[in-house]
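Enquirer: predicted coordinates and the sequence they were generated for:
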Amino acid sequence: MCRLVPFKAEHIEVMDLRDHEKSLVVDFERVKALEAASIAVTGLDKGVVVACGGITPFLSGNAEIWLIPSIYFKEHAHTAVPEIMRWLFEVRENLQLNRMETSCIDDDLHTRFMEALGFECEGLKRKFYMGIDYKMWGRVWDYQ
């Protein structure tokens, strides 16, 4: 059963990452900056880091979300996704966000995750990072 705990940059140091995510988190100072700038959590299952993710507010009512999945994310998705969704929408309500967005690698894991969270693909960033295509995702809520 996946449970969420407050994110610490050190969690990423002990994660078993896929090759693509390894290329994104080689700079520990950058990870420390994520910890400082984000409202973030780590998903754990029996002491194993399943994923780290967070929300970084910018502009009024907007935020960027991020997720760094471990190699174990896929096998824990059935418990991790509902927990992440619950937390994400709790933070959205607290911050009264109108929009969340992100860019992520164009692969099956990320596409299924974003669709499960109710995000829509808003376009493609061709050869965005290391020659790899990324999808742009967004979700919008109206507050009356």
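Expert: Okay, I see it.

Enquirer: so what sits opposite the residue nearest the centre of the chain in the bridge?
Expert: When Cα atoms, centre = their mean is applied to the chain, the residue found nearest the centroid is Leu67 (2.0 Å). Beta-bridge pairing for Leu67 (DSSP bridges): Gly53.

Enquirer: quick check: it vs Met114, distance?
Expert: In this view, Leu67 and Met114 are 9 Å apart by Cβ to Cβ, to the nearest Å. Backbone N, C-alpha and C define where each C-beta goes, glycine included.

Enquirer: list residues touching both of the two?
Expert: Common neighbours of Leu67 and Met114 (criterion: Cβ atoms under 8 Å, 6 or more residues apart in numbering): Thr102, Cys104.

Enquirer: mind listing the strands for the protein?
Expert: Secondary structure of the chain (DSSP state E): strands located at 3-6, 39-45, 48-58, 62-69, 99-105, 120-129, 132-140.

Enquirer: got those as JSON lines, with distance to Glu21 columns?
Expert: Shown next, in JSON lines, are those (distance: least, Cβ to Cβ, whole Å):
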{"stretch": "strand 3-6", "distance to Glu21": "19"}
{"stretch": "strand 39-45", "distance to Glu21": "14"}
{"stretch": "strand 48-58", "distance to Glu21": "10"}
{"stretch": "strand 62-69", "distance to Glu21": "5"}
{"stretch": "strand 99-105", "distance to Glu21": "9"}
{"stretch": "strand 120-129", "distance to Glu21": "12"}
{"stretch": "strand 132-140", "distance to Glu21": "12"}
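
Enquirer: which stretch among those comes nearest His20?
Expert: When these are compared by Cβ to Cβ, strand 99-105 sits nearest His20, at 5.8 Å.

Enquirer: neighbouring strands for that closest one, and are they parallel or not?
Expert: Neighbouring strands of strand 99-105 in its sheet, by DSSP bridges, are strand 62-69 (parallel), strand 132-140 (antiparallel).
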